[in-house]
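J.: got a sequence here, can you model it:
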Amino acid sequence: MTKTLFGRTSLIITSTMLAFLIATIAIAGYFIILPVGKRNAEDLASLIHLSAKTYVELPPETRQDFINELSNNHQLFWGTGNEQLAEHIHLKPHFHYMESNLSNSLGSEVDIAPEVGNVNRHWVDINIAGESVRLGFDQQRIGVALPSVALYLLSILAVMAILSSLILVRKLTRPIQKLSEAAAIVGRGNIPEILSEEGPKELAQTAKAFNKMSTDVQNLLENRTVLLGGISHDLRTPLTRMRMVLEMLPENIDRELNSELKDSIANMELIIDEYMQLTKGLEDSSLELINIHTLLTRVITELSPSQHQVVELMGDLDSVVNSHLSALHRVLFNLVENALRYGNNQPVSISWKTLDGSLTITIRDQGPGIAFDDQVKIFRPFYRLESSRNRNSGGTGLGLAIVDQIATQKGWGLSLRSEVGSGTQITLSL
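T.: Here you go, the predicted model:
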């Protein structure tokens, strides 16, 4: 979550607000709640001291009336001395203030302890004029409890701060997330939905600029396809005439020159076909169930490998995938063709398997391998490892570029593993 803009912004705002709340409560507690609590504790300690002193000085026959008066009007209780007291572990500072005040007043150490079985009732033993008196009071009598108040305030304010910050950040980051998703769609060559141009001025202007850019990109791609289609048509016409002229030449013409001219024309036509595939991207939108074994068998038949070139197929014969037939056929055709061309006439293995609803097709050859620095470059248009561009040793340099473009457009995964001298493995994930 913290890797996203929403997560990081939420974390920063929430942490800042919580730190502010803690600081506010700490300041309020130190300068307001603690002084009030200390005053209440000191007043109660003075009342207990005065009550004990008065009790000792009263005649025995009037003491019971005094005890009743304290209980009814001042919520102080007279102990019998038989109450079981627990260890006086005080988490609240008010008890410390009371003990300190009573100890200073009496000149001896005083402890306040809760009653066993009734932690709400606390007792204090006071020695005055040689007589021991035990007085009790309920915890609520001491006044405001700082830790509880701080905890309640912090909890309520923290929930409010977190919810408000999440709502605010979500409202701000949602348009950015949609913009990111739309950009990914444009990157695959598709048309995204029009972004809303409402909201804060900056986001609205960004959405408006992106919508215009998306439209311009689509127009550019369409114009490019139309332009290249026209160029292709214009080039094919003179190439066809040249081929016809070569066929009509007399038989005594230099046969080697004739053959070279025919090969050149064929290469030019192949380059035009492959470049048109690169620009069009096989824009088929229909899905159909495709048997992988059948499709690979068809691809191998079309490539017509030599008799000593072994191609091993390994996978479930009944494995099917719901995908775009023409696009998948073009991708597999180019990948298998590369494996056969650069495999040093060694066996080529093609395996496929389905795992968690995803189909992976792996093509391995035993060729010379690809250097690490070249593994990204080979997917660029017209890039060839063999720099002489000899058609006998390589293609046009568009095969893998077409594969990469189609895979990106369809949302397929494409991974390459290769080491110099150890062959190459390409995995296609659907």
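
J.: now the strands for the protein?
T.: Secondary structure of the chain (DSSP state E): strands located at 77-78, 112-115, 118-128, 131-138, 288-291, 311-314, 320-323, 348-355, 358-365, 413-418, 424-429.

J.: confidence-wise, which helix or strand of the protein is lowest on average?
T.: helix 255-280 (a mean of 72; mean pLDDT, DSSP states H and E).

J.: and that one, how far out from the chain middle?
T.: 48 Å (Cα atoms, centre = their mean, to the nearest Å).

J.: equivalent analysis for stretch 118-129, please.
T.: On Cα atoms, centre = their mean, the centre of stretch 118-129 falls 59 Å from that of its chain.

J.: mind exporting that stretch as CSV, just the C-alpha atoms?
T.: Provided in CSV are the C-alpha atoms of stretch 118-129 (Å, rounded to 0.1, in the frame of the first residue of the first chain):
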residue,chain,number,x,y,z
ASN,A,118,-13.4,-3.8,45.2
VAL,A,119,-10.7,-1.9,43.3
ASN,A,120,-13.0,1.1,43.2
ARG,A,121,-12.8,1.6,47.0
HIS,A,122,-9.5,2.9,48.4
TRP,A,123,-8.3,3.2,52.0
VAL,A,124,-5.8,5.2,53.9
ASP,A,125,-4.6,4.7,57.5
ILE,A,126,-3.8,7.9,59.5
ASN,A,127,-2.2,8.0,62.9
ILE,A,128,-3.2,11.1,65.0
ALA,A,129,-2.6,11.6,68.7
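
J.: what does that stretch contact?
T.: For stretch 118-129, the external contacting residues (Cβ atoms under 8 Å, 6 or more residues apart in numbering) are 48-49, 52-53, 56, 77, 79, 83, 85-86, 95, 98, 102, 106, 108, 110-115, 132-140. Just so you know, the C-beta spots here come from the backbone N, C-alpha and C atoms, and that holds for glycine as well.

J.: just for the stretch 101-250 of the chain, where's the confidence low?
T.: By pLDDT under 70, the low-scoring segments of the stretch 101-250 of the chain are 143-151, 188-189, 221-222, 224-226, 228-229, 233.

J.: hey, where'd the helices end up in it?
T.: In the stretch 101-250 of the chain, the helices defined using DSSP state H, counting those that start in this stretch lie at 146-187, 201-248.

J.: which of those helices is buried the deepest?
T.: Comparing the helices of the stretch 101-250 of the chain by mean neighbour count (mean count of other Cβ atoms under 10 Å), helix 146-187 ranks first with a mean of 14.

J.: about what we covered before: just the buried subset of the contacts of stretch 118-129, please.
T.: Buried subset of the contacts of stretch 118-129 (neighbour count, 16 or more other Cβ atoms under 10 Å): 48-49, 52-53, 56, 77, 79, 83, 85, 95, 98, 102, 110, 112-115, 133-137.

J.: from A204, how far off is E197?
T.: Distance of E197 to A204, computed by Cβ to Cβ, to the nearest Å: 5 Å.

J.: let's have the strands of the chain in CSV, adding distance to I253.
T.: Putting those into CSV (distance: least, Cβ to Cβ, whole Å) gives the following:
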stretch, distance to I253
strand 77-78, 129
strand 112-115, 118
strand 118-128, 115
strand 131-138, 121
strand 288-291, 48
strand 311-314, 40
strand 320-323, 49
strand 348-355, 40
strand 358-365, 41
strand 413-418, 45
strand 424-429, 43
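
J.: L44 is nearest to which of the ones you listed?
T.: L44 lies closest to strand 131-138 among the strands of the chain, at 6.8 Å (Cβ to Cβ).

J.: please export the C-alpha coordinates of that closest one as CSV.
T.: What follows is strand 131-138 as a C-alpha-only set of coordinates in CSV (Å, rounded to 0.1, in the frame of the first residue of the first chain):
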residue,chain,number,x,y,z
GLU,A,131,-4.9,6.7,67.6
SER,A,132,-5.1,5.0,64.2
VAL,A,133,-8.0,5.9,61.9
ARG,A,134,-8.9,4.3,58.5
LEU,A,135,-10.8,6.4,56.0
GLY,A,136,-12.0,5.2,52.6
PHE,A,137,-13.3,6.9,49.4
ASP,A,138,-14.4,5.8,46.0
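
J.: and it, what does it pack against?
T.: helix 34-57, strand 77-78, strand 118-128 (3 or more Cβ pairs under 8 Å, 6 or more residues apart in numbering; DSSP states H and E).

J.: out of those, flag the one nearest L166.
T.: Comparing these by Cβ to Cβ, helix 34-57 comes nearest, at 33.3 Å.

J.: how far does the closest one sit from its chain's centre?
T.: The chain centroid and the centroid of helix 34-57 are separated by 60 Å under Cα atoms, centre = their mean.

J.: which elements pack onto it?
T.: By 3+ Cβ pairs under 8 Å, 6+ apart, helix 34-57 packs against helix 60-74, helix 93-106, strand 118-128, strand 131-138.

J.: which strands border the last one, and is each parallel or antiparallel?
T.: Strands flanking strand 131-138 in the sheet, each with its direction: strand 77-78 (antiparallel), strand 118-128 (antiparallel) (DSSP bridges).

J.: now tell me what touches that strand from outside.
T.: Strand 131-138 is contacted by residues 44, 48, 51-52, 55-56, 75-81, 83, 115, 120-127 when judged by Cβ under 8 Å, 6+ apart.

J.: returning to that earlier point: need the strands paired with strand 131-138 in a markdown table (columns: distance to L400).
T.: As requested, those are exported to a markdown table (distance: least, Cβ to Cβ, whole Å):
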| stretch | distance to L400 |
| --- | --- |
| strand 77-78 | 91 |
| strand 118-128 | 77 |
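
J.: so which of the ones you listed comes closest to V245?
T.: When these are compared by Cβ to Cβ, strand 118-128 sits nearest V245, at 110.5 Å.

J.: contacts only, for S349.
T.: V311, E312, M314, T362, I363, R364 are the contacts of S349 under Cβ under 8 Å, 6+ apart.

J.: what about L328, how many neighbours?
T.: 24 (other Cβ atoms under 10 Å).
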